[in-house]
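In: no sequence for this one, just the structure:
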Ligand code: ADP
Ligand code: MG
């Protein structure tokens, strides 16, 4: 983590909080965005994923209001704000799924699920977010806000929730309150990651291991290519993929596709469902192989697995798009060890594992190719594997 930079942002946020709410916050919490190294759409199939938290994060300042005040929640964000930030106030009785408009649905969703817990009496609070996770780029800016909110409320209201519980609660928040049928990876990555490691997560049990990412040792970096094609998990594509997986699992008589180890078992499925399921089964295997390759410090093997993952998402799962495919193929052609789209798909970002002396070469090749194709200019930057959420 760039501590000096974060401290400086926190100082500005502290002042902004005072300007907005008239008093200092009780504290500031940090929750990172993430990239997924490999293991895409496997989370809701209760399989394996291997994401890591990145050095882009949401800072969330919160003040708990006195218990005798009207129970209400006030949410504000510096995002797009000029001099003053806009406050969305939600009364406790109006904390109802589907009714909170815009971005405030994310922190409101967290308040909602916590308030549902029998032992919790969630008095009012004021919350101000400042995030530098790019929005809608597949780096999980929405989960950074949810996770920042839950770690803050967990501390402030002394809820005693552990990371697994917080991950499950934010998933419920997103599913039940925001209405996006997303899995468990993003919030887990934001909560459980460790600096210079990838998070090997079993999405059935939420058991996890931190696997060292030997990038420095090999003079490698992870380059993110944000295509600036905005994706949305609430759109139909994501839900349709989930439905195909559920259909496959049900026809095969298993709880989830996690229980299928061999693509031979998929033979009798309808051809489209079979291709969808093939991606999940092979992607789970690729995650396990990537963990092994990382432990053996075999980065060429990691690169090959990233490439294979992209092909599977492009051809079997069909969640890529022309911009992502172009970013990936140009990166590969310019010498990346491997590249793949990352995140839910249908837009968002790709990642490339490249030698650090090729950052400019690869970036320029992709920017040029996008210009030639008439695409929006991509945003390209390197990320480091950062630690998970916590208080500052
Ligand atoms: P992703 O999580 O991949 O960035 P999503 O569509 O899931 O994309 O989430 C983006 C949404 O999260 C935005 O439309 C907005 O509602 C909310 N959001 C993200 N960052 C901020 C921010 N800094 N301030 C307010 N809302 C934000
Ligand atoms: Mg999101």
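Out: Yes, it's here. Just so we're clear, the structure is a prediction, and the values are computed from it rather than from any experiment. Numbering: from 1, shown residues only. Ligands and ions are numbered 1, 2, ... in the order given.

In: residue ranges with poor pLDDT in the chain?
Out: 68-69, 232-235 (pLDDT under 70).

In: for ligand 1, what are the nearby residues on it?
Out: 77, 79, 103, 106, 129, 131, 135-142, 145, 232-233 (C-beta under 6 Å from any ligand atom). Placement of C-beta: from N, CA and C, glycine included.

In: Tell me the buried residues within these.
Out: Buried by 16 or more other C-beta atoms under 10 Å: 77, 103, 106, 129, 131, 136-142, 145, 233, out of the residues of the chain next to ligand 1.

In: Which of those residues fall within strands?
Out: 77, 129, 131 (DSSP state E).

In: For the stretch 101-250 of the chain, which segments count as strands?
Out: With strands called from DSSP state E, counting those that start in this stretch, the stretch 101-250 of the chain shows them at 125-131, 197-202, 208-212, 220-226.

In: and the direction of the helix or strand residue 49 falls within versus that of strand 208-212, what angle?
Out: Using DSSP states H and E, residue 49 maps to strand 48-64. Strand 48-64 and strand 208-212 meet at an angle of 110 degrees, taking axes from the mean of the first three to the mean of the last three C-alpha atoms, to 10 degrees as the criterion.

In: Determine the set of other helices and strands touching strand 48-64.
Out: helix 3-21, strand 27-38, strand 125-131, helix 141-156, helix 185-192, strand 197-202, helix 271-295, strand 379-383 (3 or more C-beta pairs under 8 Å, 6 or more residues apart in numbering; DSSP states H and E).

In: Go again with 6 Å.
Out: helix 3-21, strand 27-38, strand 125-131, helix 141-156, helix 185-192, strand 197-202, helix 271-295 (3 or more C-beta pairs under 6 Å, 6 or more residues apart in numbering; DSSP states H and E).

In: Neighbours of the closest residue in space to residue 141 that isn't next to it in sequence, how many?
Out: Excluding the flanking residues, the one nearest residue 141 by C-beta to C-beta, 6 or more residues apart in numbering is residue 133, at 4.0 Å. Neighbour count of residue 133, defined by other C-beta atoms under 10 Å: 21.

In: Next, find the distance separating residue 133 from residue 205.
Out: Using C-beta to C-beta, to the nearest Å, residue 133 is found at 27 Å from residue 205.

In: Equivalent analysis for residue 342, please.
Out: Going from residue 342 to residue 205 by C-beta to C-beta gives 24 Å.

In: Show me which residues of stretch 212-224 are buried.
Out: Buried residues in stretch 212-224 (16+ other C-beta under 10 Å): 213-215, 218, 220-224.

In: Got the domain ranges for this protein?
Out: 3-209, 212-383 (automatic domain parsing).

In: Which of the ones you listed sits closest to residue 391?
Out: For residue 391, the closest of these is domain 3-209, at 5.0 Å, according to C-beta to C-beta.

In: next one: that closest one to chain centre, how far?
Out: Its chain's average C-alpha position is 12 Å from that of domain 3-209, according to C-alpha atoms, centre = their mean, to the nearest Å.

In: Start at 9, not 1
Out: Okay, using 9 as the starting number, the last item reads as domain 11-217.

In: Can you tell me the SS state at residue 323?
Out: helix (DSSP: H, G, I helix; E, B strand; the rest coil).

In: residues near residue 16, how many?
Out: Neighbours around residue 16, by other C-beta under 10 Å: 11.

In: how close does it sit to ligand 1?
Out: Distance of residue 16 to ligand 1, computed by C-beta to the nearest ligand atom, to the nearest Å: 17 Å.

In: for the closest residue in space to residue 109 that isn't next to it in sequence, helix, strand, or coil?
Out: Using C-beta to C-beta, 6+ apart and skipping the chain neighbours, the partner closest in space to residue 109 is residue 96 (7.8 Å). Under three-state DSSP, the three-state class of residue 96 is strand.

In: Verify the stated contact: residue 96 with residue 112.
Out: Yes: using C-beta atoms under 6 Å, residue 96 is in contact with residue 112, at 4.1 Å.

In: Between the two, point out the one with more neighbours.
Out: Comparing residue 96 with residue 112 by other C-beta under 10 Å, the one with more neighbours is residue 112, at 22 against 18.

In: For that one, give me its contacts.
Out: Applying C-beta atoms under 6 Å, 6 or more residues apart in numbering, we find residue 112 in contact with 83, 96.

In: Can you verify my assumption that residue 268 contacts residue 289?
Out: Yes: Residue 268 is within contact range of residue 289, at 5.2 Å (criterion: C-beta under 6 Å).

In: who's more crowded, those two?
Out: Taking other C-beta under 10 Å, residue 268 and residue 289 do not tie; residue 289 has more neighbours (24 against 21).

In: And the more buried one, how far from residue 276?
Out: The value you get for residue 289 to residue 276, if C-beta to C-beta is used, is 14 Å.
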